[in-house]
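Peer 1: predicted structure and sequence below. I'll ask about it afterward.
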Amino acid sequence: MLLLKKKRYQEQLLDRTENQISNLERMVQDIEFTQIEMKVIEGLKIGNECLNKMHQVMSIEEVERIIGETQDAVEYQRQIDEILAGSLTEEDEDAILEELNAITQEQMELPEVPSEPLPEKTPGTLLLYALQLWLLLLPLGSIELSRVWNSL
């Protein structure tokens, strides 16, 4: 009888221990998930800060002005193309076709391909590339460059 009671006590103790282990495993999983959530939130925070810096540098009005200037330039170039296309004679077109054939038959020398690996794409380098591209597209003198670099 005493041995059966002891066996019963040991089984109950084992069940409680297994329940405690399960609770601990659940807590560890919750902690790991919370750590992942914290990393995601930190990433969102950094992304939001980058966007705010970009918004400080570039206003909606400035973007609309740049888009309008670009559309005007495209329209102007289209008009020039139309004028030039209408002023060519048949002899000019034949000469252009001959020159095109000569160019396409020549062996063209292509530039060397870089052998070093491409830089790693991190949020900082992507922001830098975006800013460099944006600066290339802006008309010269329309923005203070120091303001852009200081915001980085």
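Peer 2: Great, that's in hand.
Peer 1: quick one: mean pLDDT over the top helix by length along the chain.
Peer 2: Under DSSP state H, the helix in the chain containing the largest number of residues is helix 2-57. Helix 2-57 carries an average pLDDT of 92.
Peer 1: helices and strands around that helix, which ones?
Peer 2: Taking 3 or more C-beta pairs under 8 Å, 6 or more residues apart in numbering; DSSP states H and E as contact, the helices and strands that helix 2-57 lies on are helix 123-137, helix 145-151. Just so you know, the C-beta spots here come from the backbone N, C-alpha and C atoms, and that holds for glycine as well.
Peer 1: what's downstream of it, the next helix or strand?
Peer 2: Proceeding N to C from helix 2-57, the next assigned helix or strand is helix 60-86, under DSSP states H and E.
Peer 1: in that next one, what's buried?
Peer 2: If you call a residue buried by 16 or more other C-beta atoms under 10 Å, then helix 60-86 has these buried ones: Ile66.
Peer 1: after it, next one along is what?
Peer 2: Next in sequence after helix 60-86, counting helices and strands by DSSP H and E, comes helix 90-105.
Peer 1: okay, the angle between that next one and helix 60-86?
Peer 2: Calculated by axes from the mean of the first three to the mean of the last three C-alpha atoms, to 10 degrees, helix 90-105 forms an angle of 110 degrees with helix 60-86.
Peer 1: quick one: helix 90-105 to chain centroid distance?
Peer 2: Computed by C-alpha atoms, centre = their mean, to the nearest Å, the separation of helix 90-105 from the middle of its chain amounts to 42 Å.
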